[in-house]
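In: Below are the sequence and a predicted model; questions follow.
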Amino acid sequence: MGSAAPSTPIVLAEYQSSIYEAGRIDGTGFFSQLFYLTIPMLKNSLVFVIISDTMINLFMFVPVYMLTGGGPEGSTDTLMYEAYRAAFKFSNYNRSYAIVTFLLIVTFIVIGLQFYLLRDKDAAALKKHTRQRSMA
């Protein structure tokens, strides 16, 4: 979540305090302000952070290699570390290619699901409505 720290204040700075002031005038409390004003304004930034962190965690290699080298009895092995060992330690390139290909496929599926679940439903409904209108 290190990439979220610099981007969050930048995104929040784009929005004027008038949005929060209008919310206070309408009688929003802390939680309704959080869930209906702040989080929706941060959605694009949060989607980027969630997807990039997912990719970083799926392709994690350097911390395992540098800190533990696979750990005691392989307890900290990741798929990328296993692919590295298969290719460069055991010269089993076919196994390494298979692991990396599997990891790429899983990554694309997970990121596709995240994009689907985090999509802007209102914008999609508006786009569908506009498309139906133009066909009629």
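Out: Perfect, thanks for sending it.

In: use CA for all of it now, contacts and neighbours both
Out: Will do.

In: Burial check on residue 32, number of neighbours?
Out: Counted by other CA atoms under 10 Å, the residues lying close to residue 32 total 12.

In: ditto for residue 99
Out: Neighbours of residue 99 using other CA under 10 Å come to 18.

In: who's in contact with residue 68?
Out: residue 76 (CA atoms under 8 Å, 6 or more residues apart in numbering).

In: The residue nearest the centre of the chain: helix or strand, and which one exactly?
Out: Most central in the chain under CA atoms, centre = their mean is residue 51, positioned 1.7 Å from the mean C-alpha point. Using DSSP states H and E, residue 51 maps to helix 39-58.

In: Check which residues of that helix are buried.
Out: 41, 45, 46, 49, 50, 51, 53, 54, 55, 58 (16 or more other CA atoms under 10 Å).

In: which ones are touching the residue nearest to the centre of the chain?
Out: Each residue near residue 51 by CA under 8 Å, 6+ apart is listed here: 111, 114.

In: Any figure for the gap between it and residue 110?
Out: To residue 110, residue 51 is 9 Å away according to CA to CA, to the nearest Å.

In: Ok, residue 101 next?
Out: 14 Å.

In: Kindly report the same for residue 134.
Out: Counting by CA to CA, the gap from residue 134 to residue 110 is 34 Å.

In: can you pull the pLDDT of the residue nearest to the centre of the chain?
Out: At residue 51, the model reports a pLDDT of 89.

In: Can you give me the distance of it to residue 43?
Out: In terms of CA to CA, residue 51 sits 12 Å off from residue 43.

In: can I see the domain layout of the chain?
Out: 1-42, 59-136 (automatic domain parsing).

In: Check those domains for me: which has the lowest mean pLDDT.
Out: domain 1-42 (a mean of 75).

In: rewinding a little: give me the more crowded residue out of residue 101 and residue 110.
Out: Higher neighbour count among residue 101 and residue 110: residue 110, with 16 against 12, using other CA under 10 Å.

In: give me the element the more buried one is part of.
Out: Judged by DSSP H and E, residue 110 forms part of helix 93-117.
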